[in-house]
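Peer 1: task: produce atomic coordinates for the following.
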Amino acid sequence: MKRFFAATLVLFVLLVAGGVITRPTPLSTPVIPIEITSDPDTWLQQKEDLTRERYGLVDGAEKCITWAGSSGTRTEYAVVYLHGFSATRQEIAPVPAQVAELLGANLFETRLAGHGRLHEQLDGVVAEDWLNDGAEALAIGHQLGDKLVVIGVSTGATLALTLAEHPDFRAVDTLVLISPNWAPAAAGSGIATGPYGPQLTRLFAGEERRWTAANDLQEKYWTTRYPTESIIEMMRLVDLANAMTASAEVPRALLIYSPLDDVVSVQELLSGFERLPARRKATLVVEEPRSLSPHVLTGAILGPEEVAPTVEAIVGFLRGT
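Peer 2: All right, here's what the predicted structure looks like:
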């Protein structure tokens with residue numbers, strides 16, 4: 001009996017040690033600002049060309065600057081758009097462009113690493129890559145305008161929060177969080193970054209995730225087939241966002257969500273927004289989404305009827321009406 005208990009104790013210690021060893025490494029925030037050249041259009045094109053040569057890029061998914069006036073002329077406000085996990089900048093287009101136009105603001109729409117590629121979508125991408133993309137987006141935005149309006153959808157909103165202690169985050173005037181991902185709706189999603197996270201995630205989800213697009217344009221601009229490892233990386237980002245939320249102090253924050261959201265946890269979404277230390281907050285609740293998705297609430301591809309109301313809500317909030 002003593003041998004049995006001794007063996008059990010040894011096994012337990014090994015399992016605990018193994019759990020610690022195989023737990024994904026916690027994500028940390030980048031602190032070094034990214035220096036953008038005086039010609040950000042060329043700088044971005046050169047970077048995107050490298051990705052295009054290796055993986056191919058979906059036309060319309062590239063990182064993109066839209067100048068309000070002549071190229072290189074700064075504006076008071078600059079709009080920065082961070083799309084969600086598995087999507088591209090077409091996710092809620094033309095909402096960011098119309099917001100920027102009404103504000104007379106320059107616009108930067110990013111493409112997160114691994115997204116919008118024709119081949120090996122999301123393969124080999126880690127959360128650190130997305131942190132770098134976020135830091136780059138803030139740096140470019142800061143070059144485009146004095147005050148940043150950051151629009152983040154789902155995990156794009158998560159990414160914005162992870163940058164709370166980045167030096168360029170001080171330029172953020174307003175956070176617009178649409179269906180922000182403080183936690184996925186799926187029960188047990190937290191196991192991905194817990195003990196034996198990678199093994200358990202593959203056990204329950206398999207080596208690859210696939211889902212069916214709602215229409216041809218979603219099929220084109222979203223990634224509907226990707227390795228399970230990318231879910232673990234997304235959860236690493238979520239964990240950091242939860243840790244950084246209390247530090248994300250901004251003058252203004254607008255939350256847009258639907259209580260019918262089936263992708264992210266509505267309870268955690270509301271709790272997270274409550275913890276966000278913005279000096280002025282507002283919430284737009286979309287009770288009955290007219291979009292094909294209760295998560296992606298607007299955009300020409302999934303929710304064309306919600307484009308105008310969303311733009312009006314964002315611009316109205318910014319103008320204090």
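Peer 1: how about the helices in this structure?
Peer 2: 2-22, 40-55, 95-103, 127-144, 155-162, 197-205, 216-221, 229-244, 266-275, 307-318 (DSSP state H).
Peer 1: nearest to Ala113, out of these?
Peer 2: Among the helices of the chain, the nearest to Ala113 by CB to CB is helix 127-144 (3.8 Å). In this view, the C-beta of every residue, glycine as well, is placed from N, C-alpha and C.
Peer 1: low-confidence stretches in the stretch 1-150 of the chain?
Peer 2: Flagging of the stretch 1-150 of the chain using pLDDT under 70 yields the residue ranges 1-22, 29-33.
Peer 1: at 80 instead, please
Peer 2: Applying pLDDT under 80 to the stretch 1-150 of the chain picks out residues 1-24, 28-35, 37.
Peer 1: thinking again about what came up before, could you dump the helices of the chain to TSV with distance to Gly84 and mean neighbour count?
Peer 2: As requested, the helices of the chain are exported to TSV (distance: least, CB to CB, whole Å; neighbours: other CB atoms under 10 Å):
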stretch	distance to Gly84	mean neighbour count
helix 2-22	28	10
helix 40-55	19	14
helix 95-103	13	22
helix 127-144	11	23
helix 155-162	5	29
helix 197-205	19	15
helix 216-221	11	16
helix 229-244	10	22
helix 266-275	13	17
helix 307-318	15	18
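Peer 1: so which of these gets nearest Ser28?
Peer 2: helix 229-244 (7.5 Å).
Peer 1: could you check the angle helix 266-275 makes with the closest one?
Peer 2: Counting by axes from the mean of the first three to the mean of the last three CA atoms, to 10 degrees, helix 229-244 lies at 40 degrees to helix 266-275.
Peer 1: helices and strands around helix 229-244, which ones?
Peer 2: helix 127-144, helix 155-162, helix 197-205 (3 or more CB pairs under 8 Å, 6 or more residues apart in numbering; DSSP states H and E).
Peer 1: of all those, which lies closest to Leu270?
Peer 2: Closest among these, using CB to CB: helix 155-162, at 13.5 Å.
Peer 1: just how off-centre is that closest one within its chain?
Peer 2: 5 Å (CA atoms, centre = their mean, to the nearest Å).
Peer 1: who's in contact with that helix?
Peer 2: 27, 29, 81-85, 112, 130-131, 133-134, 150, 152, 172, 175, 177-182, 234, 237-238, 240-241, 244-245, 248, 276 (CB atoms under 8 Å, 6 or more residues apart in numbering).
Peer 1: any idea of the angle it forms with helix 127-144?
Peer 2: Per the same axes, to 10 degrees, the angle that helix 155-162 makes with helix 127-144 is 80 degrees.
Peer 1: skip the chain neighbours and tell me the closest residue to Ala87.
Peer 2: Closest residue in space to Ala87, ignoring its immediate chain neighbours: Trp222 at 5.3 Å, by CB to CB, 6 or more residues apart in numbering.
Peer 1: how much space between that neighbour and Ser230?
Peer 2: Distance, Trp222 to Ser230, by CB to CB, to the nearest Å: 13 Å.
Peer 1: distance of the residue nearest to the spatial centre of the chain from Lys147?
Peer 2: By CA atoms, centre = their mean, the chain has its centre lying nearest to Gly156, at 1.6 Å. Gly156 sits 19 Å away from Lys147 when distances are taken as CB to CB.
Peer 1: ok, Tyr226 next?
Peer 2: From Tyr226 to Lys147 the distance is 35 Å (CB to CB).
Peer 1: ok, now Tyr221?
Peer 2: 29 Å.
Peer 1: repeat for Glu165
Peer 2: 19 Å.
Peer 1: in TSV, list the helices of the chain along with distance to Glu62.
Peer 2: Supplementary listing: the helices of the chain in TSV, determined by distance: least, CB to CB, whole Å:
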stretch	distance to Glu62
helix 2-22	37
helix 40-55	5
helix 95-103	14
helix 127-144	13
helix 155-162	16
helix 197-205	30
helix 216-221	12
helix 229-244	20
helix 266-275	30
helix 307-318	22
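Peer 1: closest to Ala61 out of those?
Peer 2: Minimum separation from Ala61 across the helices of the chain (CB to CB) falls at helix 216-221, 6.3 Å.
Peer 1: ok, the residue nearest to Ala87 - contacts?
Peer 2: Ser86, Ala87, Thr88, Glu91, Ala213.
Peer 1: count the neighbours of the first one for me.
Peer 2: Just to be clear, that refers to Ser86. A count of neighbours around Ser86, defined by other CB atoms under 10 Å, yields 24.
Peer 1: doesn't Arg225 make contact with it?
Peer 2: No - counting by CB atoms under 8 Å, Ser86 does not reach Arg225; the two are 9.5 Å apart.
Peer 1: pLDDT score assigned to Ala187?
Peer 2: pLDDT recorded at Ala187 is 74.
Peer 1: now it: how far from Ser265?
Peer 2: 9 Å.
Peer 1: who has more neighbours out of those two?
Peer 2: Ser265 (18 against 8).
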